[in-house]
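Asks: Fold the stuff below for me.
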Amino acid sequence: MKRSDINAILQWSDDFIRRFGFALPPFAHLPPEELRAHAGTEIFRRRLGWDVSDYGAGDFGAMGLTLFTLRNGRVEDLGAGRGMLYAEKLLISRRDQLSPMHRHMLKAEDIINRGGGMLVIELFAAAPDGSRDPDAPVTVMCDGLPRTLPAGGKLTLAPGESVTLMPGDWHAFWAEGADCLIGEVSTVNDDETDNRFDPPLPRFADVTEDAAPWRLLVSDYPAILKDEG
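Replies: Down below sits the predicted model:
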């Protein structure tokens, strides 16, 4: 993705979030040089902040997602069974924009339609080897009530509705009717190792630096930390 396109996406996304009355934390609005000054803090260590991906497809309008990680624990906390075991994100799915089929190995998550269009989630159960089961039905919890769908069934969430996805639940999603603001509340988030896509895809965009960044992405942090080290 071109950095200039990412800048435009982030500016639009910041305005879109504000329209729902949601206030992001102060570091969300820091220009790159000011955020770099916080490279030694938990903002960088926990990968908090903006994230834009086209999953390597090169067509963000057709397949992509914008995210902001608000808080995140550490994988080490999960191993200890105590501490900050949770994470929270905001996601923006543009109308008819696919977030491709994937599952998580460790993360359980609540996906919440916070407003805008309808959120459609395509679901598959996992086979014993972890792959997508093309035949088995899948049962998920929707606001405390179980819903069972056939393999590849599509769950539609109106604003205010949510679904709980457990590790192994294969899912893809997109917005219908209008752009959608999505909440995600989960166990600790590790985008480096805890995503498996079908078919295999990169989680982060390959960025072409044709302009100065308007805001840093979490995928920019490793290089900054390396420079600081």
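
Asks: Name the residues linked to the spatially most central residue of the chain by a beta bridge.
Replies: Against the mean C-alpha coordinate of the chain, by CA atoms, centre = their mean, the closest residue is Leu67 at 5.2 Å. Listed by DSSP bridges, the beta-bridge partners for Leu67 are Asp51, Leu91.

Asks: ok, it - contacts?
Replies: If you count contacts by CB atoms under 8 Å, 6 or more residues apart in numbering, Leu67 has them with 50-53, 89-92. C-beta here means a position set from N, CA and C on the backbone, and glycine is covered the same way.

Asks: what's the farthest-apart pair in those residues?
Replies: With CB to CB as the measure, no two of those lie farther apart than Ser53 and Leu90, at 14.5 Å.

Asks: Can I get the longest helix anywhere in the chain in CSV, CA atoms only?
Replies: The longest helix of the chain (DSSP state H) is helix 3-19. Extracted C-alpha coordinates of helix 3-19, given in CSV (Å, rounded to 0.1, in the frame of the first residue of the first chain):
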residue,chain,number,x,y,z
ARG,A,3,1.8,5.6,2.5
SER,A,4,-0.2,8.4,0.9
ASP,A,5,-3.2,6.1,0.6
ILE,A,6,-2.8,4.9,4.2
ASN,A,7,-2.7,8.6,5.3
ALA,A,8,-6.0,9.3,3.6
ILE,A,9,-7.5,6.1,5.1
LEU,A,10,-6.5,7.1,8.6
GLN,A,11,-7.8,10.7,8.3
TRP,A,12,-11.1,9.3,7.1
SER,A,13,-11.2,6.7,9.8
ASP,A,14,-10.4,9.3,12.6
ASP,A,15,-13.4,11.3,11.4
PHE,A,16,-15.6,8.2,11.1
ILE,A,17,-14.9,7.2,14.7
ARG,A,18,-15.6,10.7,16.0
ARG,A,19,-19.0,10.6,14.3
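
Asks: In it, which residues are buried?
Replies: Using 16 or more other CB atoms under 10 Å as the test for burial, helix 3-19 gives 3, 5-7, 9-10, 13-14, 16-17.

Asks: Leaving out chain neighbours, which residue sits closest to Gly56?
Replies: Distances taken as CB to CB, 6 or more residues apart in numbering place Pro202 nearest to Gly56, at 4.3 Å, with adjacent residues excluded.
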